[in-house]
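**Student:** got a predicted structure here, sequence first:
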Amino acid sequence: MSQPSNLIATPLRAVERLVQGVATADGAGVRLTRVLTQNLQRRLDPFLMLDAFRNENADDYIGGFPDHPHRGFETVSYMIAGRMRHHDSAGNAGLLGPGGVQWMTAGSGLIHSELPEQEEGLMEGFQLWLNLPARDKMIAPNYRDIPPAAIPEYTTAEGVRVRVIAGASQGVAGAVQRPHTEPLYLDVHLPAGSHFEQAIPPGHNAFAYTYRGAVEIADTTVNDRQMAILANDGGTAVRIAAGEAARVLLIAGRPLGEPIAQYGPFVMNTGEELQQAIRDYQAGLFEAASVQAR
């Protein structure tokens with residue numbers, strides 16, 4: 001789908017600060033970069049975590065993420081290269097391939113696994129954690145596989161390709177719409193010498209993550225594997241310019257403004273709710289609840 005040139009919207013948001021991700025390992029030894037860490041959860045509410053992985057060496061991803069529980073939030077997995085197989089305790093299964101998205105609502109709790117379905121080659125993608133409001137933390141678990149062809153996209157007059165995973169961009173509705181948090185999730189591919197503008201409500205928290213090349217946002221250079229936190233300065237749009245070919249994730253959402261209590265894969269509002277989540281998991285209730293939700 002082709003669109004006219006980007007609309008000029010002002011005022012534009014500035015960059016509050018740049019964040020360099022932290023190298024870590026998760027699951028069964030998968031090497032990744034934790035871009036949005038726990039100390040940024042309040043600032044980037046409703047987003048809880050962003051992991052980025054880009055591994056050519058199979059030893060760095062082959063173990064995958066064996067069975068593990070979640071409660072109280074949503075996970076959004078977006079694959080750029082490689083294949084991951086999903087299984088969960090609600091009986092869902094799916095293969096996530098290049099360009100595809102898996103949107104999972106953990107809700108009251110489930111157990112799932114994500115294991116690579118390849119033994120060599122590049123494995124690249126992202127996992128974003130999106131909080132649920134207190135009223136929805138115990139809803140029935142839900143799972144949705146979104147193949148590449150089901151993700152709307154458009155190309156601007158400058159040749160910028162925009163994949164609209166969630167929210168809306170220049171009149172194009174994304175594959176997913178969520179109440180309360182109203183997430184925007186764009187994958188923006190910019191040719192050299194191009195620019196892209198996106199409207200963002202002034203009350204929403206927003207950030208950009210460059211995963212190819214380098215871009216300029218409000219006179220700040222955002223290099224490969226850097227996150228730019230966009231200032232809450234009353235700006236109603238962001239402008240991204242690329243001197244070289246670049247790819248950027250642009251993510252924004254309406255903050256919930258609720259307490260965040262996290263213990264590993266459980267995200268609730270109070271310590272007592274966390275303790276209950278642990279007890280329920282140890283008692284095997286996650287599997288029982290998942291079966292009832294089928």
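**Tutor:** Done, it's in.
**Student:** now the terminal residues of stretch 171-180, how far apart.
**Tutor:** Distance across stretch 171-180, first residue to last, is 20 Å (CA to CA, to the nearest Å).
**Student:** chain center to it: distance?
**Tutor:** 14 Å (CA atoms, centre = their mean, to the nearest Å).
**Student:** likewise stretch 86-94?
**Tutor:** With CA atoms, centre = their mean, you get 20 Å for stretch 86-94.
**Student:** can you pull out the helices in the stretch 151-294 of the chain?
**Tutor:** 271-282, 285-292 (DSSP state H, counting those that start in this stretch).
**Student:** so can I have a markdown table of these showing mean neighbour count, distance to G234 and mean pLDDT?
**Tutor:** From N, CA and C alone the C-beta is placed, and that goes for glycine too. What follows is the helices of the stretch 151-294 of the chain, written out as a markdown table (neighbours: other CB atoms under 10 Å; distance: least, CB to CB, whole Å; pLDDT from 0 to 100):
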| stretch | mean neighbour count | distance to G234 | mean pLDDT |
| --- | --- | --- | --- |
| helix 271-282 | 15 | 35 | 97 |
| helix 285-292 | 17 | 43 | 60 |
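**Student:** using JSON lines, lay out those helices together with distance to P259.
**Tutor:** Listed next are the helices of the stretch 151-294 of the chain as JSON lines, based on distance: least, CB to CB, whole Å:
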{"stretch": "helix 271-282", "distance to P259": "10"}
{"stretch": "helix 285-292", "distance to P259": "23"}
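**Student:** for this protein, where's the lowest mean pLDDT among helices and strands?
**Tutor:** Of all helical and strand segments in the chain, the minimum by mean pLDDT, DSSP states H and E falls on helix 285-292, at a mean of 60.
**Student:** quick one: low-confidence ranges for the stretch 51-200 of the chain?
**Tutor:** Of all residues in the stretch 51-200 of the chain, none has pLDDT under 70.
**Student:** number of nearby residues for P11?
**Tutor:** A count of neighbours around P11, defined by other CB atoms under 10 Å, yields 11.
**Student:** pretty sure it contacts V238?
**Tutor:** No. Between P11 and V238 there is no contact under CB atoms under 8 Å: 10.6 Å.
**Student:** for G159, find the nearest of the helices of the stretch 151-294 of the chain.
**Tutor:** In terms of CB to CB, the element of these nearest to G159 is helix 285-292, at 44.6 Å.
**Student:** the residue nearest in space to the middle of the chain in helix, strand or coil?
**Tutor:** Nearest to the mean C-alpha position of the chain, counting by CA atoms, centre = their mean, stands L128 at 2.8 Å. The assignment at L128 comes out as strand when based on DSSP: H, G, I helix; E, B strand; the rest coil.
**Student:** what distance do you get for the closest residue to it other than its chain neighbours to R239?
**Tutor:** Among residues not flanking L128 along the chain, V76 sits closest, at 4.4 Å (CB to CB, 6 or more residues apart in numbering). V76 sits 25 Å away from R239, going by CB to CB, to the nearest Å.
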